[in-house]
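K.L.:
Dropping a prediction and its sequence here:
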Amino acid sequence: MFEQLVDGVFWNIALIVFFVGVIWRLITVLVLRSKRIDYSVARNSGVSGAVMANIRGFYPRKEVSARIRLQVIAGYMFHLGLFVLLFFAAPHVKFIAQHITGFTYMTIPYWGFIVASEIAFAGLILLWVHRVLNPVTRLISKRSDHIGTILVFVVMLTGCMALGEASSELRVLHRFSVELLMVYFPFSALMHAFMFIPSRAFTGAFLGRRGVNV
Amino acid sequence: MSTPLERGVDMLKSQVDARVESYFSSCTHCGVCAEACLFYTETDDPRYTPIYKTEPLRKVWQQNFTLWGKLSSSLGLSKPITENDLSDWETLVYDGCSMCSRCTMVCPVGIDIAYLIRKVKEGMAAAGFVPEGLQGASQRALKFGSPMGLTTKGLLTAVGQQKKEHDIDIPVDVVGAEYLLMLSSNEVVLYTEFLTAISKIFSAAGISWTVSSKHFEATNTGVQMGDSVIAAQLLERLLEVASELKIKTVISPECGHAYTTFRWDGPNILGRELPFNVVHIMELLDQLRQDGKLKTTGSFDERLTYHDPCNISRRGGVLEQPRNLLNLVAPNFVEMNDNKEMNWCCGGGGGVSSNERAEPLRLQVFNVKKRQLDELDVTTMVTACSNCRTMLEEGLEENEMDVEVVSITELIADHLA
């Protein structure tokens, strides 16, 4: 019964909440944006500034890199590891082919999955330990940051447990945790996965018009 | 009749726009911004973390513009903003932030934190939580025309002194002049050498210019305290005199926030394009150099460096022009380790310099500039903002450092061919 719900109704609800929620949040930004006009005379192109800021944001500025080494390294470990697991783990590719694309593509071997998951786990744990122990991040972190971290951790953990596909219960547990994450996603700090693009674009365009590269 | 707190909260609500929405939605609270802020790096106090300073606005956004926030508020699960919150944040926003926006440059998700701080200040100002020093400066600006209380009489006295001491005629209220030079009170009262220098350069270049006796003040306390109404009132005065004098181009003097106010923020505060061009004095001098109208002779051989004023470089985009000018006359010009759009602030921007309460903190965070200078072993520091100049001089004096602070315009004027 629970398995049927997780594979059926719960999944459909999670999908709808996720996509409608994310699109609604993004539309909110675009609609609000349309009300804003910059009356100053641009020195350079704002569009180019927006594009450059989105690229530039992927690597830290040398002036602060020594002070943020842990966040950068752990951040890349987690995000790259998660990206590889999400899109190249064999069960995920199979799932995507069955439910979305209709075709399969390259998958990572079993050892690759283990390496990617260890890197992602290490990154996530390092980031969370830093969040809790560092006076700055401890002060500024919100409940949503911790809930998001725990949900992602649980999703990754149940995913690893379900990897061997030895038990249907473990697969269902993994899928259920993913559904919880998807429902929580649009209303939490996890939205940064999409919102970083307009955020960088706004600042890049704003400063780009002034002739400053972010 | 609403209470000051209600007015502040309403103002904060009205500040939420697409940028605010995307910024708060993308913040992961990673703390990277702290590492770029001199108020944090020099105090190790996490409360000076830039994004933390925007908390009142974030709270209003979260409680009024997000689903969970609205739900929590309606169920009484989240605490609304109180007067104590605003009182606590007043010192963080006005004393512990110079709006230098260095944090903006390092944010991994691209949040323009200075933009958010500016909006927090709007809420603070509406609720009446503004430092006395800034309030006084603002009242003097509205009443007398200048935050230092300098009147037209004071300007004309300075003009007369230029004639008497240097035989220099400063054109006043010339209708049809191409350029209108705005001045900060600092340049009329404290650094009168600037007036002498600019007059010599303009005379040599043969350009048509004037100052206005009716409204000469370039600084805008409304912008500094975060009050758009006052900011707009002061800007309207500029528009009025520029129209009366039929001015084509307004020159921002060596003043950082005056430049960003005229050139970038002003049109948006007023909600319309300005009917004239705006140039910073560095841009104009560099243009004169390119046109062959600015010729220099000799050189300043001391080892010197350049302090980038945040509002001119990082927020204004005037990065190469001062360097082009320095390369004309200063063969021993060396860059600080962090420069141009990643410079460290003097500590007195964003109205901090007008806020007497913030002085001990401002002098403490000057340590970062001290370290930069110690690495270079220079005898002279050049800058292009009179407010930075005062802050730098005070910091140097506090640290008993033997470094002279000089304006670029004055340095160039001293080497006119």
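P.N.:
Okay, I see it. Numbering: from 1, shown residues only, chains lettered A, B, ... in the order given.
K.L.:
Show me what stretch A:120-134 is in contact with.
P.N.:
A:70-71, A:73-82, A:84-85, A:137-138, A:141, A:145-146, A:149, A:152-153, A:156, B:29, B:31 (C-beta atoms under 8 Å, 6 or more residues apart in numbering or on different chains). C-beta: built from backbone N, CA, C; applies to glycine.
K.L.:
Show me the residues you listed that map onto strands.
P.N.:
Among the contacts of stretch A:120-134, no member falls in strands (DSSP state E).
K.L.:
Need the buried ones from those selected in PyMOL.
P.N.:
In PyMOL, this line selects whichever of those come out buried by 16 or more other C-beta atoms under 10 Å in any protein chain shown:
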select buried, (chain A and resi 71+74+75+77+78+81+82+84+85+137+141+145+149+152+153+156) or (chain B and resi 29+31)
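K.L.:
what about chain A, any weak spots by pLDDT?
P.N.:
Low-confidence segments of chain A (pLDDT under 70): A:32-36, A:165.
K.L.:
In three-state terms, how would the residue lying farthest from the centre of it be classified?
P.N.:
Computed with C-alpha atoms, centre = their mean, the residue of chain A farthest from its C-alpha average is A:Val41, at 36.2 Å. At A:Val41 the chain is in coil, as set by DSSP: H, G, I helix; E, B strand; the rest coil.
K.L.:
residues contacting the closest residue to it other than its chain neighbours?
P.N.:
For A:Val41, ignoring the flanking residues on the chain, the nearest one in space by C-beta to C-beta, 6 or more residues apart in numbering or on different chains is B:Glu273 at 7.1 Å. Shown in contact with B:Glu273 (C-beta under 8 Å, 6+ apart): A:39-41, B:267.
K.L.:
Let's see that with 10 Å instead.
P.N.:
Contacts for B:Glu273 were tallied using C-beta atoms under 10 Å, 6 or more residues apart in numbering or on different chains; they are A:37, A:39-41, B:267.
K.L.:
so where does the residue nearest in space to the middle of chain A fall, helix or strand?
P.N.:
When chain A is reduced to its mean C-alpha position, the nearest residue by C-alpha atoms, centre = their mean turns out to be A:Ala193, at 3.9 Å. With elements taken from DSSP states H and E, the one containing A:Ala193 is helix A:192-209.
K.L.:
ok, and the closest non-adjacent residue to the closest residue to chain A within the stretch 251-400 of chain B?
P.N.:
Ranked by C-beta to the nearest C-beta, the top residue of the stretch 251-400 of chain B for proximity to chain A is B:Gly317, at 3.0 Å. Using C-beta to C-beta, 6+ apart and skipping the chain neighbours, the partner closest in space to B:Gly317 is A:Gly211 (3.0 Å).
K.L.:
does that neighbour really touch B:His280, like I thought?
P.N.:
No: between A:Gly211 and B:His280 there is no contact under C-beta atoms under 10 Å: 11.6 Å.
K.L.:
ok, back up a step: the residue of the stretch 251-400 of chain B closest to chain A: how many residues sit nearby?
P.N.:
25 (other C-beta atoms under 10 Å in any protein chain shown).
K.L.:
neighbours around the closest residue to A:Ser45 other than its chain neighbours, how many?
P.N.:
Leaving out its chain neighbours, the residue that sits closest to A:Ser45 by C-beta to C-beta, 6+ apart is A:Gly208, at 6.3 Å. By the criterion of other C-beta under 10 Å, A:Gly208 has 25 neighbours.
K.L.:
ok, A:Gly208 - contacts?
P.N.:
A:42-53, A:201, A:214, B:317.
K.L.:
try B:His415
P.N.:
Here B:His415 is in contact with B:295-300, B:328-330 (C-beta under 10 Å, 6+ apart).
K.L.:
Now which of these would you call buried?
P.N.:
With burial judged by 16+ other C-beta under 10 Å, the buried subset of those is B:296, B:300, B:328-330.
K.L.:
then the helix holding A:Ala193 to CSV, C-alphas only?
P.N.:
Extracted C-alpha coordinates of helix A:192-209, given in CSV (Å, rounded to 0.1, in the frame of the first residue of the first chain):
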residue,chain,number,x,y,z
HIS,A,192,19.2,28.8,-4.6
ALA,A,193,19.8,26.0,-7.1
PHE,A,194,17.7,28.1,-9.5
MET,A,195,17.6,31.5,-8.0
PHE,A,196,21.4,32.0,-8.2
ILE,A,197,21.0,32.6,-11.9
PRO,A,198,18.7,35.7,-11.7
SER,A,199,20.5,36.8,-8.6
ARG,A,200,23.9,36.9,-10.3
ALA,A,201,22.2,38.3,-13.4
PHE,A,202,20.7,41.3,-11.6
THR,A,203,23.9,42.2,-9.9
GLY,A,204,26.0,41.6,-13.0
ALA,A,205,23.6,43.8,-15.1
PHE,A,206,23.5,46.5,-12.5
LEU,A,207,27.3,46.8,-12.1
GLY,A,208,27.9,45.9,-15.8
ARG,A,209,26.0,49.0,-16.9
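K.L.:
No further questions, thank you.
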